[in-house]
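Colleague: 3D, please:
(one chain, ligands or ions: 1)
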Amino acid sequence: MSSSPRILAVGDIHGCATALEALLQAVAPTRDELIVTLGDYVDRGLDSAGVLNRLVRLAETHRLVPLRGNHEQMMAAARDGDAELQLWCNLGGEATLMSYCPFDDHGTLADVPDAHWDFLDRRLSDFYETDTHICVHAGVVPHLPLDRQTPLVLRWQAFDDPPPHCSGKVVVCGHTPQKSGLPRNLGHAVCIDTLAHDGGWLTCLDLNSGDLWQANERGESRRAHLDQFRV
Ligand SMILES: [Mn+2]
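Modeller: Residues are numbered from 1 along each chain as shown. The predicted structure is shown next:
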């Protein structure tokens, strides 16, 4: 067993506050371990407000590197105008606004607390890199170094069994839901969006050991290893 602190990547949460809590219980990160959440905290699932609350709190107690997903991008942009608000609502934002209103009301942007806007505006990164791994929300252009990637690719590109990245590092991403509920592991690239909000699982991967945990909205959790999913 490695003695270095774990680096823990977490896939798309999409409002699944129960699954997130169960996952944190199962993984039990210590204060010196790094948690890299891959983005898409909000939309679609039932409790986006609860997820952002938990992440804001987690950033106070742990080393958290939260990446920006396309859904955080759309939520932040929803303040820019009616068209942006409508686009976000159509792609899952409606559920997010409702999560701020316990009394069955539709909710408005004004219901979102400043701490959550602050988290979206100031805390999110586009990627995280180690000596061996690249973490992004959606994908990378294979032949371009990380600092030359565009936001569109980093946040929106579908995981369609991409070729290896030119750095030789393993790319770890979310964004493209795996309907099987299992990670898709090509060896040089791994997608850990395992559809938590739609009856699947929320996945956490320890980058260095390949240990993997999953939790769901029923509060269940289970454990596996990345090698089991190699295609
Ligand atoms: Mn997503």
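Colleague: check contacts around the residue lying farthest from the centre of the chain.
Modeller: Residue farthest from the centre of the chain, counting by CA atoms, centre = their mean, is residue 103 at 27.9 Å. Counting by CB atoms under 8 Å, 6 or more residues apart in numbering, residue 103 makes contact with nothing. (Each C-beta comes from the backbone N, C-alpha and C, glycine too.)
Colleague: isn't residue 50 right next to residue 17, touching?
Modeller: Yes - here residue 50 reaches residue 17: they are 3.4 Å apart, a contact under CB atoms under 8 Å.
Colleague: out of these two, which sits in the busier spot?
Modeller: Taking neighbours as other CB atoms under 10 Å, residue 50 and residue 17 compare with residue 17 leading, 22 against 17.
Colleague: residue ranges of the helices in the chain, please?
Modeller: Per DSSP state H, the chain carries helices over the ranges 17-27, 48-61, 70-77, 82-88, 94-99, 114-118, 151-156.
Colleague: ok, residue 166 to the ion distance?
Modeller: Applying CB to the ion, to the nearest Å, the value for residue 166 to the ion is 26 Å.
Colleague: that residue contacts residue 140, doesn't it?
Modeller: No - judged on CB under 8 Å, residue 166 makes no contact with residue 140 at a distance of 9.2 Å.
Colleague: looking at those two, which is more packed in?
Modeller: The residue with more neighbours, out of residue 166 and residue 140, is residue 140; 25 against 13, by other CB under 10 Å.
Colleague: list the contacts of that one.
Modeller: 134, 146, 149, 153, 154, 157, 162, 165, 171.
Colleague: let's go with 6 Å and repeat that
Modeller: 149, 165, 171 (CB atoms under 6 Å, 6 or more residues apart in numbering).
Colleague: just send those back as CSV, with neighbour count and pLDDT too.
Modeller: What follows is the contacts of residue 140, written out as CSV (neighbours: other CB atoms under 10 Å; pLDDT from 0 to 100):
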residue, neighbour count, pLDDT
149, 20, 97
165, 22, 98
171, 23, 98
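Colleague: and of the residues you listed, the nearest to the ion?
Modeller: Distance to the ion, by CB to the ion, is smallest for residue 171 among the contacts of residue 140, at 16.2 Å.
Colleague: excluding chain neighbours, what is closest to residue 159?
Modeller: residue 176 (3.7 Å; CB to CB, 6 or more residues apart in numbering).
Colleague: what ranges do the strands span in this protein?
Modeller: 7-10, 34-37, 63-66, 127-129, 133-136, 170-173, 184-185, 189-191, 202-206, 211-215, 221-225 (DSSP state E).
Colleague: leaving out chain neighbours, which residue sits closest to residue 141?
Modeller: The nearest residue in space to residue 141 (CB to CB, 6+ apart) is residue 153, at 5.6 Å.
Colleague: and the gap between the residue lying closest to residue 179 once chain neighbours are set aside and residue 137?
Modeller: In this structure, residue 179 finds its nearest non-sequential neighbour in residue 195, 6.4 Å apart by CB to CB, 6+ apart. Note on residue 195: its distance to residue 137, by CB to CB, to the nearest Å, is 16 Å.
Colleague: again with residue 173
Modeller: From residue 173 to residue 137 the distance is 6 Å (CB to CB).
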